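Q: Got a predicted structure plus its sequence, pasted below:
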Amino acid sequence: MAAADLIASLESIVGQKHVLTKEGKTAYYRSGFRSGKGEAAAVVFPGSLLEQWQVLQVCVKAHCAIILQATKTGLTEGSCPSGFDYDRDVVVINITRIKKIVLLDGGKQILAFPGSTLHELEKLLKPIDRAPHSVIGSTTIGATIVGGIANNAGGALCKRGSSYTELSLFARVNEDGELHLVNHLGIKNLGDTPEEIFANLEKGEFSPDDLEGWDKSASDREYADRIRDLEATVPNRYNADPKRLCDVSGSAGKVVAFAVRVDTYPVPKRKQVFFLGTNNAEDFAVLRRHVLTEFKELPEMCEYMNRGIFDTAERCGKDVFLSIKHLGTENLPKAYALKSGAEYLLNKVPFLPKFLPDLFLYFVSRLFPQHLPKRLLEFRDRFEYYLILSMSDDGIDEARQYLQSEWSELEGVDFFECDVKEQEAALLHRFAAAGAAIRYQNLHQKTTEEVLALDIALLGNDEDWVEELPEEITEHLDLALYYGHFMCHVFHQDYIFKKGTDLSAMKKKMLQRLDEKGAKYPAEHNVGHMYEAEPVLRDFYEELDPTNTFNPGIGKTSKSRAK
């Protein structure tokens, strides 16, 4: 199909204004959240399940490479084109217009359409005292429910693991190049054809008696037990875990999701955040082992930061902190899109510094008064390592008693119970840390290379969880930042190297060291275009997508059409 005919066919389905072809208009959607960019003949925004199906039919018939995209909150370039060397036209299908969430069984489960976000789900569940299956940092900037499931999104919750479900409705292209709809949603009487199924889902025309599949998992229900196993021979959650690869779950866009069912959870009646500090990392290892082996109640979350990321986030994440606190979260995805569009245009001007809007936000934020509470800053000055320990209900007294009677007896440690403002500030500060490395590099772009970001899962009994790098690496480093989800031993490690450093060589050395420790990577994002997929993951992708129609090149695989 000629390019002009392809565009005309897409416009006839979704309307002209929902098909972008001009370079400036598509730039944001052809780029990753942190890094990565590539080519696309068009970016299409279907507005219904039927339109999404019809767009797929046109693209499959035209033998296009198809990339599914939601709000692009992933950090591994997995939801955007990669490079300009595809062997066919690339079409990006952005599904953010297709929104619907239906409560099932009184809200114990929900049915979600592709563009529905975790933030929207939180709002819907709040009146019935339920919470989403997943709470992650990118919830705040618009992460979708389906995107999390497809991309192994992890998050900070100790009682619930990576996003997962076995109940989904999705499309795939078979070995003969034919598009098929696969219904594993567990809902009877939806119809026999795609058109009937979509119409009934859109109208919500099914009854409680039509719901089946209650024996199937709609979340990672084994995680709370798995996280307590400190002697396991593999980390407790990581991208290529074969037990958590099923249909849409872990698919990284190798199939096209139309709807999923996922669990929800009761909201705790009480919560309390404890802020802990020490200069000896072993003190936190002692606490972790005790909590996971002795506590009846797991923490809600337990977030780790070191002084380097605390300081960098204080300086470079202040505008993010203030935006969420004072402006709320609903408009942040649009704000990010506007900022990216402005950056694209301004980056074309030779004499201007790159990422000028980012620099502007940084310097404006410096005009505002100190945003972090006094006690958090005092701990920053006293200690090198920090934990944000969030407990709920009966676990609050359990943690309080242990911290006061046992952990406090260790030499050189301290903690305090956060008041409401301190609790909000601590959690927002931890969220702001996720983008601090990028901001730091933008500020120092003349003297540093792009950020090398790794998210890794260590073994549960790994005692050397604080990394000590050899001189062959540190001599090239400008800054190394460490933070993560402490109880599950999943860490984010951001490295900013000096200008002229060979980042590929550095990354190879880093990953070799992790392999020797039995670590897994990535831990809670899909492999994107930044990691090589393990054999089990490659096999899963090929089984889902034998013609390599969807998201070609993911996990360092071939971009060429298969068969």
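A: Perfect, thanks for sending it.
Q: Surely G147 and T73 touch.
A: Yes. Taking C-beta atoms under 8 Å as the contact criterion, G147 and T73 are neighbours in contact, 7.2 Å apart. Any C-beta I mention is one placed from the backbone N, CA and C, and that applies to glycine too.
Q: Each with direction, which strands does the lengthiest strand in the chain pair with?
A: Of all the segments of type strand in the chain, defined by DSSP state E, the longest one is strand 256-266. In the sheet containing strand 256-266, its partner strands are strand 109-112 (antiparallel), strand 130-132 (antiparallel), strand 168-173 (antiparallel), by DSSP bridges.
Q: what about the first one, distance to the chain center?
A: When you say that, I think you mean strand 109-112. The gap between where strand 109-112 is centred and where its chain is centred comes out at 20 Å by C-alpha atoms, centre = their mean, to the nearest Å.
Q: cool, and the shortest one?
A: If you compare the mean C-alpha spot of strand 130-132 with that of the full chain, they lie 18 Å apart, counting by C-alpha atoms, centre = their mean.
Q: Show me what secondary structure element comes after it.
A: Sequence-wise, the next helix or strand beyond strand 130-132 is helix 145-150, with elements assigned using DSSP states H and E.
Q: go on, the last one?
A: Beyond strand 168-173 in the direction of the C-terminus, DSSP H and E gives the next helix or strand as strand 179-184.
Q: Other residues contacting that next one?
A: Contacts with strand 179-184, where a contact means C-beta atoms under 8 Å, 6 or more residues apart in numbering, come from 53, 56-57, 60, 166-174, 190, 194, 197, 213, 247, 255, 258.
Q: Can you say which of these are buried?
A: Burial of the contacts of strand 179-184 was assessed by neighbour count (16 or more other C-beta atoms under 10 Å); the buried members are 53, 56, 60, 166-173, 190, 194, 197, 213, 247, 255, 258.
Q: The stretch 201-350 of the chain: strands as residue ranges?
A: The residue ranges that make up the strands of the stretch 201-350 of the chain, judged by DSSP state E, counting those that start in this stretch, are 256-266, 271-278, 301-306.
Q: any chance of these in CSV, with distance to H492 and mean pLDDT too?
A: Conversion of the strands of the stretch 201-350 of the chain to CSV gives the following (distance: least, C-beta to C-beta, whole Å; pLDDT from 0 to 100):
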stretch, distance to H492, mean pLDDT
strand 256-266, 24, 96
strand 271-278, 19, 97
strand 301-306, 10, 96
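Q: so where's the stretch 151-300 of the chain uncertain?
A: Per-residue confidence for the stretch 151-300 of the chain (pLDDT under 70) gives no ranges below the cut-off.
Q: again, 90 this time
A: Judged by pLDDT under 90, the stretch 151-300 of the chain has its weakly predicted residues at 151-157, 160-162, 204-207, 221, 239-240.
Q: thought S219 was touching S162?
A: No. When contacts are counted by C-beta under 8 Å, S219 is not listed as touching S162 (9.4 Å).
Q: higher neighbour count, those two?
A: Neighbours around S219 and S162, counted as other C-beta atoms under 10 Å, are more numerous at S162. The numbers are 29 against 23.
Q: quick one, phi/psi of that one?
A: Backbone dihedrals for S162, given as degrees, to the nearest 10, come out at phi -60, psi 150.
Q: doesn't N152 make contact with it?
A: Yes. Under the criterion of C-beta under 8 Å, S162 is in contact with N152, at a separation of 5.0 Å.
Q: shared neighbours of these two, which are they?
A: Common neighbours of S162 and N152 (C-beta under 8 Å, 6+ apart) are 244, 524.
Q: count of neighbours near I67?
A: I67, neighbours per other C-beta under 10 Å, totals 27.
Q: How about P535?
A: P535 sits with 8 neighbouring residues when counted by other C-beta under 10 Å.
Q: Ok, L443 next?
A: When neighbours are counted by other C-beta under 10 Å, L443 registers 18.
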